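> let me see the structure of the following:
(2 chains)
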2 protein chains.
Amino acid sequence: MLVNGECREHIEISDRGFQYGDGLFETIAVSNGQPVFFDRHIDRLEAGCRRLFIPFPGTELLTFEAKKLCQHSNKAVLKLILTRGSGGRGYRQPEVIQTTRVLSLHPFPSFPCSRLGIFASIYEEQGIVVRFCDTRLGLNPVLAGIKHLNRLEQILARAEWSDPDIQEGIMLDMNEHVIEGTMTNLFYVKNNTLYTSSITLTGVAGIMRGIIMVMASDHGLSAIEHTFTKDELLTADEVFVCNSIVGIWPIKQIAAKCFSVGVRTRQLQAWLIQFINEANNRGL
Amino acid sequence: MLVNGECREHIEISDRGFQYGDGLFETIAVSNGQPVFFDRHIDRLEAGCRRLFIPFPGTELLTFEAKKLCQHSNKAVLKLILTRGSGGRGYRQPEVIQTTRVLSLHPFPSFPCSRLGIFASIYEEQGIVVRFCDTRLGLNPVLAGIKHLNRLEQILARAEWSDPDIQEGIMLDMNEHVIEGTMTNLFYVKNNTLYTSSITLTGVAGIMRGIIMVMASDHGLSAIEHTFTKDELLTADEVFVCNSIVGIWPIKQIAAKCFSVGVRTRQLQAWLIQFINEANNRGL
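Here you go, the predicted model:
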C-alpha cells in the first residue's frame, strides 16, 4: 500500500475519509502490470474532486504511484482512494486541504473460468442470478454519479443475502426506479436498443458503463439513459450488469424470471475485448 | 486516542470506516472529567449498531474507556467512533465482524462567553445568525435518524459559506422540507407549541433534540414532530438549534428575517441546566 507515496498500512484517525467518508475511490483492474482504463479512472477521480472541492493531486503523480505499485502484478485489483485529508472543525473543511491519497493492491476475485482474459469467468460465459434488494438508494443530485466514500446503502443492500448462488442484487431508488447493482451498473436490451438507468438523482457513473455507451455509439447501436421500473426491466430481451473488475456479466435470472444470454450482450462482450486491446495499444 | 483500548493515532487502511464510511459516531461534551449524557449517547450508539448490523462492543467496555480518557479533562469533546472493522469482499461484510472502536478527546470549541457552565457562550446568550443551505439532504428511511459516518451532504452544505458571522446553515431535504442544521437539530415555537422536523426520511436523531422533547413533556409544553417548509419556519415566534456540544442556541436571524430570543427558548435553556444537574446527581 502507498499512502501519500510512502509504504504504510495505516491512516491517521483524524483523516476525514475515516471521520466522515469525505473522499472518493476507484477500483481498477490490473492486467500484465498495467491498470486497465487508467486514464478514464483518473478522469472520473478528477471530476469527483471538482464536485467535492477536493484538490486533485495530479495525473502524473497518481500515474507514477499506480504504475509503481502494479508493475509486478499479472492480475490484481488496484484501489485508489483520495480524501480531504486531516483537519477542519467538524464538517467544516480545513482552510488548506492536503489531499490524502491511498493506493492499495488486492487479489483479483477468483471466479471459476475456462479461458484466458482479464474478464474471463464462468459468470461472463454463462450469466448470473440476481435478486431485487429491499434497501433503496436515497436521492441526491449533489452526490449522484460520484464514486464517493459514503457507501452504507450498498453495504446494507449487500447484507440482505448470503446465498452464494446469487451473484448480485439490483437496487431501486426511493421512487421505485431501477438504478444499478450493489457493485455494478445495469443495462437491458429491448427491440435492438440498449437502455441503462439515468443517474442524475442517484447511482454511480461507472467506468464500464461509460465504455459500453461509447462502444454502442461506435457500432451504431442506440443506447439510451432513461428512468424505468422493475416491471419494465422484466420485459427486456436481454439484461446484463457491468463494472471495471468483472467486465460484462449477462443476467440469466432475476428473482423468478429467466433470461437467455442474447446476441447484443455477446456482441458487447466481444467489442469490449477489442476495446481493451486498442486501449492497450495506445498505452492507456 | 484509544483504538480498541490501545493508545494509537492510526487506523488500518482496510478498516471499513475508512473504505466505505461503514460505521457510527457520537460527539459528547465532557465536563469535570465526565462525559455528559453518556447513557443516552451509548443507547443511541447501540440502536445504530442494531440498525446497521454492527456488533455493539458493550456499555461496560465503552464506559470504562470513555471515563479513562476523560478523567483529567475539565472541559472537552469526546468523539466515539464504531466501525464494522476490517475485512469482507467489497461491500459484503465479513463473516465475523470485529467492531473497531475509536475514542478521541478534542478541545471544546472556544466560543466567547461571560458566565460559567458547560453550554455557556455568547451564542447561547445572544442568539446566532443562520442561512439556508443550497445542498439538499437525500431521502432514505434506512439511514434516517442514525448518526452514521456518511457525512458528505453535511460537508458540502458547510462548505457553502465562510462568513464567520454566520454560525449555522439550515438544510432542507429533496422535498423542500426543513430538516436540521449542518451540525444541529432545529426547533421552532409557535402559539406556545414546540415543533421540530420529522426525521423518518432523513436527518439525525440528536441527543439534545431527544432531551428537549423529554423536557417539554415533563413541563407540559406540547412538542410536535412534523413536516414543514421554509415559509412555515419563517412565521415562527421563536427558533433555535441544539446539539450535545452547544446546548440550545437561539436563532436571532435567518437570512433577512429577524427573530427575538423568546421566553420558551429561555425556559428550555434553564430547564436544560436543571436537567444536567439532575443527570449529574444520578451519575449519568
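> where does pLDDT dip in chain A?
Within chain A, the stretches with pLDDT under 70 are A:283-284.
> recalculate using a threshold of 90.
Counting by pLDDT under 90, chain A has low-confidence residues at A:87-89, A:110-118, A:277-284.
> quick one: the helices in it?
Along chain A, counting by DSSP state H, helices occupy A:16-20, A:38-52, A:59-70, A:122-126, A:152-158, A:207-218, A:230-233, A:263-281.
> wait, isn't A:S244 in contact with A:V36?
Yes - in this structure, A:S244 sits in contact with A:V36. The criterion is CB atoms under 8 Å, and the distance is 7.2 Å. The way it works is simple: take the backbone N, C-alpha and C, and place the C-beta from them, glycine included.
> overlap in contacts, the two.
With contacts taken as CB atoms under 8 Å, 6 or more residues apart in numbering or on different chains, the residues that reach both A:S244 and A:V36 are A:I28, A:A29.
> show me what contacts the closest residue in space to A:K147 that isn't next to it in sequence?
Spatially, and ignoring its direct neighbours in sequence, A:K147 is nearest to A:V204 (5.3 Å; CB to CB, 6 or more residues apart in numbering or on different chains). When the contact criterion is CB under 8 Å, 6+ apart, the partners of A:V204 are A:G145, A:I146, A:K147, A:E180, A:N185.
> about what we covered before: tell me which of the helices of chain A sits nearest to B:E225.
B:E225 sits nearest to helix A:152-158 of all the helices of chain A, at 23.6 Å, using CB to CB.
> which residues does the closest one contact?
For helix A:152-158, using CB under 8 Å, 6+ apart, the contacting residues are A:133-138, A:169, A:171, A:182-183, B:16, B:20-22, B:52, B:84, B:90-93, B:140, B:142-143, B:148-150.
> and these, which of them are buried?
Listed as buried from those are A:133, A:135-138, A:169, A:171, A:182-183, B:16, B:20-22, B:52, B:84, B:90-93, B:140, B:142-143, B:148-150; burial here means 16 or more other CB atoms under 10 Å in any protein chain shown.
> are any of the contacts of A:V204 buried, and which?
Neighbour counting by 16+ other CB under 10 Å classes A:G145, A:I146, A:K147, A:E180, A:N185 among the contacts of A:V204 as buried.
> hang on, the earlier thing: tell me which of the contacts of A:V204 fall in strands.
Taking DSSP state E as the definition of strands, these contribute A:E180, A:N185.
> of the contacts of A:V204, which is the nearest to B:E12?
Within the contacts of A:V204, the smallest distance to B:E12 is 21.5 Å, found for A:K147 (CB to CB).
> hang on, that closest one packs against A:E26?
Yes - A:K147 lies in contact with A:E26 (CB under 8 Å); the separation is 6.5 Å.
> now chain A against chain B: closest residue?
Ranking the residues of chain A by distance to chain B (CB to the nearest CB) places A:G21 first, at 2.8 Å.
> that residue: what's it in contact with?
Contacts of A:G21 were listed using CB under 8 Å, 6+ apart, and they are A:H148, A:L149, A:N150, A:R151, B:Y20, B:G21, B:L149, B:N150, B:R151, B:L152.
> quick one: it from B:A279, how far?
Taking CB to CB, to the nearest Å as the measure, A:G21 falls 32 Å from B:A279.
> for the residue of chain A closest to chain B, which non-adjacent residue is spatially closest?
That would be B:G21: by CB to CB, 6+ apart, it lies 2.8 Å from A:G21.
> my read: A:P55 touches A:L61, true?
No - here A:P55 lies out of contact with A:L61, judged by CB under 8 Å, at a distance of 11.8 Å.
> need the residues of the stretch 51-200 of chain A near chain B, please.
Counting by CB under 8 Å from any CB of the partner chain, the positions of the stretch 51-200 of chain A adjacent to chain B are A:52-53, A:81, A:84, A:89-93, A:102, A:104, A:109, A:135-143, A:148-159, A:174, A:182-183.
> OK, contacts around A:G206?
The neighbours of A:G206, taking CB under 8 Å, 6+ apart as the test, are A:E180, A:T184, A:N185, A:C242, A:N243, A:S244.
> for these, which one is nearest B:E125?
A:E180 (50.1 Å).
> wait, the closest one touches A:S197, no?
Yes - A:E180 is in contact with A:S197 according to CB under 8 Å; the separation is 6.3 Å.
> joint contacts of those two?
With contacts defined as CB under 8 Å, 6+ apart, the residues adjacent to both A:E180 and A:S197 are A:L186, A:G203.
> anything in stretch A:225-233 near chain B?
No - taking CB under 8 Å from any CB as the criterion, stretch A:225-233 and chain B are apart, separated by no less than 15.6 Å.
> identify all contacting residues around that stretch.
Residues lying outside stretch A:225-233 but in contact with it, judged by CB under 8 Å, 6+ apart, are A:132, A:170, A:172, A:176-178, A:186, A:188, A:195-199, A:239, A:254.
> one step back: mutual contacts of A:K147 and A:E26, please.
Listed as contacting both A:K147 and A:E26 by CB under 8 Å, 6+ apart are A:R44.
> okay but A:R101 is in contact with A:G58, surely?
No - counting by CB under 8 Å, A:R101 stays clear of A:G58, with 9.9 Å between them.
> the more surrounded of those two?
Legend: neighbour count by other CB atoms under 10 Å in any protein chain shown for A:R101 and A:G58, higher for A:R101 (21 against 13).
> wait, what's in contact with that one?
The neighbours of A:R101, taking CB under 8 Å, 6+ apart as the test, are A:L2, A:V3, A:N4, A:G5, A:P57, A:L61, A:L62, A:E65, A:L80, A:I81, A:L82.
> which among these count as buried?
Applying 16+ other CB under 10 Å to the contacts of A:R101, the neighbour count classes A:L2, A:V3, A:N4, A:P57, A:L62, A:E65, A:L80, A:I81, A:L82 as buried.
> so for A:H219, what's the nearest residue that isn't a sequence neighbour?
If the residues on either side of it in the chain are set aside, A:H219 comes closest to A:W271, at 6.4 Å by CB to CB, 6+ apart.
> surely that neighbour is in contact with A:V214?
No - because the distance of 9.8 Å does not satisfy CB under 8 Å, A:W271 is recorded as not touching A:V214.
> and the two? which has more neighbours close in?
Between A:W271 and A:V214, counted using other CB under 10 Å, A:W271 has the larger neighbour count: 19 against 14.
> how deep is the nearest residue to A:G247 once chain neighbours are set aside tucked in, by neighbour count?
Distances taken as CB to CB, 6+ apart place A:F119 nearest to A:G247, at 2.9 Å, with adjacent residues excluded. Other residues lying near A:F119 total 24 when counted by other CB under 10 Å.
> and if you look at the one 3 residues further on?
As a burial measure, A:I122 scores 12 neighbours (other CB under 10 Å).
> and the closest residue to it other than its chain neighbours, backbone torsions?
Ranked by CB to CB, 6+ apart and with sequence neighbours excluded, the top spatial neighbour of A:I122 is A:P112, at 4.5 Å. Geometry field for A:P112 lists phi and psi as phi -60, psi 140, criterion degrees, to the nearest 10.
> ok, A:P112 touching A:S121?
Yes - at 7.0 Å, A:P112 and A:S121 qualify as touching, with contact defined as CB under 8 Å.
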